[in-house]
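Q: Predicted model and sequence follow; I will ask about them next.
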Amino acid sequence: QVQLVESGGGLVQAGGSLRLSCAASGRAFSSYAMGWFRQAPGKEREFVAVISRSGTSTWYADSVKGRFTISRDNTKNTVYLQMNSLKPEDTAVYYCAADLRIGAPSLSSNMYDYWGQGTQVTVSS
């Protein structure tokens, strides 16, 4: 079992920054990959970024590449999403998720085993 709790969301103006955190508990944190996904009103949940178990490999959606950075601290059981140059289209509920499978992390939300409750990010124009 894995429990995930996000924090750090809020309201920010376009061009601003936010850092999301996701604290994990339960199973050993370094044993699974972590991803961030988001869901805007009326849209399907979409992939944002994922980081490998060790933190040495990362993948990003094209829409956030160069603006968002995913990182993890395995000593603190926490994954982060640093979001810079935010745009109104980044407005969504952001979720962290755990991928417990062996092998390369998935970019598909269907492959993730555990999810946080989500944190709202609103970017005003």
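A: Cool, got the structure.
Q: Could you use CA atoms for every contact and neighbour count after this?
A: Fine.
Q: What ranges does this protein have for its strands?
A: 2-7, 10-13, 18-26, 33-39, 46-51, 58-60, 68-73, 78-83, 92-99, 114-115, 119-124 (DSSP state E).
Q: As TSV, the ones you listed with mean pLDDT would be great.
A: Converted to TSV, those look like this (pLDDT from 0 to 100):
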stretch	mean pLDDT
strand 2-7	97
strand 10-13	98
strand 18-26	97
strand 33-39	98
strand 46-51	98
strand 58-60	97
strand 68-73	98
strand 78-83	98
strand 92-99	98
strand 114-115	98
strand 119-124	98
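Q: Figure out which of the ones you listed is closest to Ser108.
A: strand 46-51 (6.9 Å; Cα to Cα).
Q: neighbouring contacts of that closest one?
A: For strand 46-51, the external contacting residues (Cα atoms under 8 Å, 6 or more residues apart in numbering) are 33-39, 57-61, 64, 69-72, 105-109.
Q: Would you mind confirming that Ala33 makes contact with Leu100?
A: Yes - Ala33 is within contact range of Leu100, at 6.7 Å (criterion: Cα atoms under 8 Å).
Q: which one of the two has more residues nearby?
A: Set side by side, Ala33 and Leu100 show more neighbours around Ala33, with 27 against 20, by other Cα atoms under 10 Å.
Q: which residues sit in contact with that one?
A: 50-53, 98-100, 105.
Q: Can you flag the buried ones in those?
A: Neighbour counting by 16 or more other Cα atoms under 10 Å classes 50-53, 98-100, 105 among the contacts of Ala33 as buried.
Q: Kindly reformat the residues you listed as TSV containing distance to Asn84.
A: Formatted as TSV, these follow (distance: Cα to Cα, whole Å):
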residue	distance to Asn84
Val50	17
Ile51	18
Ser52	22
Arg53	24
Ala98	23
Asp99	25
Leu100	29
Pro105	24
